[in-house]
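# structure of the sequence below:
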Amino acid sequence: MRLRFWGALALGLAASTVSVAQQEDLSVVARYIAWTDAPNWLQKHLNAIAFSQLAARRERIGKLRTAEDWKARRQEVRDALAKVVGPFPERTPLNPRVLGTVKKEGYRIEKVVFESEPKFFVTACLFIPNQLNGRTPAILNVIGHTGIAFRGASYQRLLLNLVQKGFIVLAMDPIGQGERLQYYDPALKTSSVGGSTAEHSYLANQCFLVESSAARYFTWDGIRAIDYLVSRPEVDPARIGVTGLSGGGTQTAYIAALDDRVAAAAPANYICGLERLFASIGPQDGEQHFNRGVAEGLDHADLLEVRAPKPTLIVATTRDFFSIQGAREVFAETHKAFEALGVRENVELAEDDYEHGYTVRTREAIYRFFQKHLALPGQAADEKVSMVGLEELRVTKTGQVSDSLGGETVFSLNRAHAQRLLERLERSRAELGTHLPKVKTAARELSGYLAPRETAGLVFRGQYQRDGYTIEKWAMAGEGEYIVPFLLMIPAGVSNPPGVLYLHPRGKSAAAGRGGEIEWFVRQGYAVLAPDLPGVGEIGPAESPAGRRSLTAFLGAQTGRSIVGIRAGDIARCVRYLESRPGIDGRRIVAVARGPMTIPLLHAAAFNDSIGRIALIEPLVSFESVVMNRFYNTDFSDTVANALTAYDLPDLAAALAPRPLLIVGPQDQLGAPAGKDQVERELRVVRAAYAHSGAAARFSTTSWEAFQGPDEVLSEWLRSDQKPLRPKETP
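As a prediction, this is how the structure comes out:
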């Protein structure tokens, strides 16, 4: 009995051991202490790029000593700001209207609408004290990220105190807030894309593609608001101030830096320096980013120093998510500039121990600052005020510009600008011989692509045996201080198999299961390398997949190093590995990508002739579709800022001629199958390029129906121009 028992136990343990051995773990990063920070690698790499650019700026600033030095720097900053924020549109008539007046004790409220651009309506309320002594100083109050804008209690408390102290105050609705929702759904009575920060980032994506920015629209609205203020007979144009908190602090810094009429500026709870910002809470929503601002050597301090010697107050709180250490560092640098110009007293830092928001102490510092520098003396105590009801502060009939007044949106204005760029691009396509080389040069520069120097830092992490092939797990050094994990699947019985680079938007393991798409390629006789590119799979974002990655991508717009370009560089590293790997035919490399991964592949393939054949499965048909349609589902991490100034995705595809190219099921900007007419129109340049190179048969498009497998869609394409690759059958 005992023998039978222990024999049975031994058999059971052996079976259990075999079962455990067959449980595959395709992770590469897991259980490796040096790689525990993998979810943050992408942002840390982009941070490192930004920090290097900011360090060059710091070195430049460290050499400034005299007033003349700082004046020269001020001109440099003005030129850089004009480059990264502008060009602004021409000043057109404001066509201001007062849509209603509310009388309150001691002041009145005029409900104002004006046009910062033709038919681009700005809603605001002008608060005018009853007792005015001639022309009076006025303050533009710009607002942070709240849906109801200046109607919120904390904002009213500040602006009504300023009114009680005798200032005229213009409080305006920022883009995407209050009565100016840009993606308003009249049926839902709210935004179709989310809250204010979501609106700002959503429109910023479209702006960046055409060499613009959300910051440009926000700043121009503020400049035109000052135009309106100085047009009022009650206002002294020589005594204009601007202030705002959080996102309003952002707008304050921009407007004051770019409009010389701002005599005194008080940005609150925003100024902290970009290095501290990126190292702590990371990049924020769309309007807080200049187009290539960091690449042009700009930081928060520049927005204040360019104003010197005009009075500036930095307002900060010690427990704010905007770094107090950063605020102090910006103040220290800015103080040197003002001191060199002989006006050290004209820059101040007001602090209080609080979180993100106003306190009595910081509000009183703002009152004193404007009373002093706008020459309107009085007591600076924070007084109790009676809040104004939301209905009394409603400017338009319905509470939204879009269904009260209609007119333009940032999308429609940006689309008009895009149309001009696209027409220029279409003219360039008429001469393919000169156009396509320019496309490749521009795509390298705009995407920030860096060709890899070598394949290094390889770490083998183990392997599994499957029926007919081996799965190897590897890690390879990426562009920066991160690794690229990948799987390599090698068929048995195939001598010197060609290589397939397989890119999936969910990473290396998404199609690596038994019977999956990668296995299909292996059974055709290919060695398949499937990586996790930065921001994907094991090295994906630490927070919400789409939202966090999109914010991180704004670092690419700031630094000129897009996530697309970084991924394209790592694709080139993977190709080099396949070329150098013994036992793989590196002269016959096929690249296959799905969905968003088709975009970095297109870039990498355009720069690397080693990729011999390319298949794009469900690719975005064009960047054009993202900017020319109001709604889109493309993440900013999958786009390239400024691309449409020189190229679009079809141009990159055209640049691949005469290499075999297959496009399967192209998608529109919403991620749905693109219509036949759209596909034909967008891909016309690709067909022309292949015909021009005498390789028209090497470009093909097809669909992939839900009931079809890869054998039905890809087999014939894979075997064209190649010998049969199936493994020899074992006798």
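# switch to C-alpha atoms for all contacts and neighbour counts from now on
Will do.
# ok, the closest residue to Gly540 other than its chain neighbours - contacts?
Once flanking residues are discounted, Gly540 sits nearest to Pro39: 5.2 Å by C-alpha to C-alpha, 6 or more residues apart in numbering. Pro39 sits next to 535, 538-542 when contact means C-alpha atoms under 8 Å, 6 or more residues apart in numbering.
# now do Tyr270
Counting by C-alpha under 8 Å, 6+ apart, Tyr270 touches 245-247, 249-250, 316, 322.
# same question, Ala253
265, 267, 303-304.
# does it lie in a helix or a strand, and which?
Applying DSSP states H and E as the criterion places Ala253 in helix 247-258.
# also Arg78?
Using DSSP H and E, Arg78 sits within helix 67-84.
# please apply the same query to His417.
Assigned by DSSP H and E, His417 belongs to helix 410-429.
# mind giving me the packing neighbours of the helix or strand following that helix?
Moving toward the C-terminus from helix 410-429, the next helix or strand (DSSP H and E) is helix 432-447. If you count contacts as 3 or more C-alpha pairs under 8 Å, 6 or more residues apart in numbering; DSSP states H and E, helix 432-447 packs onto helix 563-580, helix 598-607, helix 649-654.
# now tabulate these in JSON lines and tack on mean pLDDT, distance to Glu345 and mean neighbour count.
Shown next, in JSON lines, are the helices and strands packed on helix 432-447 (pLDDT from 0 to 100; distance: least, C-alpha to C-alpha, whole Å; neighbours: other C-alpha atoms under 10 Å):
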{"stretch": "helix 563-580", "mean pLDDT": "96", "distance to Glu345": "43", "mean neighbour count": "25"}
{"stretch": "helix 598-607", "mean pLDDT": "98", "distance to Glu345": "51", "mean neighbour count": "26"}
{"stretch": "helix 649-654", "mean pLDDT": "98", "distance to Glu345": "53", "mean neighbour count": "24"}
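# nearest to Arg73, of those?
Nearest to Arg73 among the helices and strands packed on helix 432-447 is helix 563-580 (31.2 Å), distances taken as C-alpha to C-alpha.
# any idea how far the closest one is from the chain center?
Distance of helix 563-580 from the chain centroid (C-alpha atoms, centre = their mean, to the nearest Å) equals 22 Å.
# check which helices and strands it sits against.
Applying 3+ C-alpha pairs under 8 Å, 6+ apart, one finds that helix 563-580 makes contact with helix 432-447, strand 498-503, strand 527-531, strand 585-594, helix 598-607.
# swap in 7 Å and give it another go.
Other elements packing on helix 563-580 under the criterion 3 or more C-alpha pairs under 7 Å, 6 or more residues apart in numbering; DSSP states H and E are strand 585-594, helix 598-607.
# wait, Glu117 touches Thr92, no?
Yes. At 6.4 Å, Glu117 counts as touching Thr92 under the criterion of C-alpha atoms under 7 Å.
# so these two - more neighbours on which side?
Glu117 (21 against 11; other C-alpha atoms under 10 Å).
# list the residues that contact the more buried one.
Listed by C-alpha atoms under 7 Å, 6 or more residues apart in numbering, the contact set of Glu117 reads Thr92.
# about what we covered before: how far off helix 67-84 does the helix holding Ala253 point, in degrees?
120 degrees (axes from the mean of the first three to the mean of the last three C-alpha atoms, to 10 degrees).
# how far away is Gly515 from Phe88?
To Phe88, Gly515 is 56 Å away according to C-alpha to C-alpha, to the nearest Å.
# do the same with Leu245
As for Leu245, its distance to Phe88 is 24 Å (criterion: C-alpha to C-alpha).
# neighbour count for these two, which is higher?
Leu245 (26 against 12).
# for that one, give me its contacts.
Neighbour list for Leu245: 143-144, 267-269 [criterion: C-alpha under 7 Å, 6+ apart].
# reformat those as a markdown table; add secondary structure, pLDDT and neighbour count.
Below are the contacts of Leu245 laid out as a markdown table (DSSP: H, G, I helix; E, B strand; the rest coil; pLDDT from 0 to 100; neighbours: other C-alpha atoms under 10 Å):
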| residue | secondary structure | pLDDT | neighbour count |
| --- | --- | --- | --- |
| Ile143 | coil | 96 | 28 |
| Gly144 | coil | 94 | 27 |
| Pro267 | strand | 98 | 28 |
| Ala268 | strand | 98 | 30 |
| Asn269 | coil | 98 | 30 |
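# contacting residues around the strand or helix carrying Ala215?
Under the criterion of DSSP H and E, Ala215 resides in helix 214-231. By C-alpha under 7 Å, 6+ apart, the residues outside helix 214-231 that reach it are 85-86, 88, 116, 175, 203-204, 207, 235-237, 251, 254-255, 259, 286-290.
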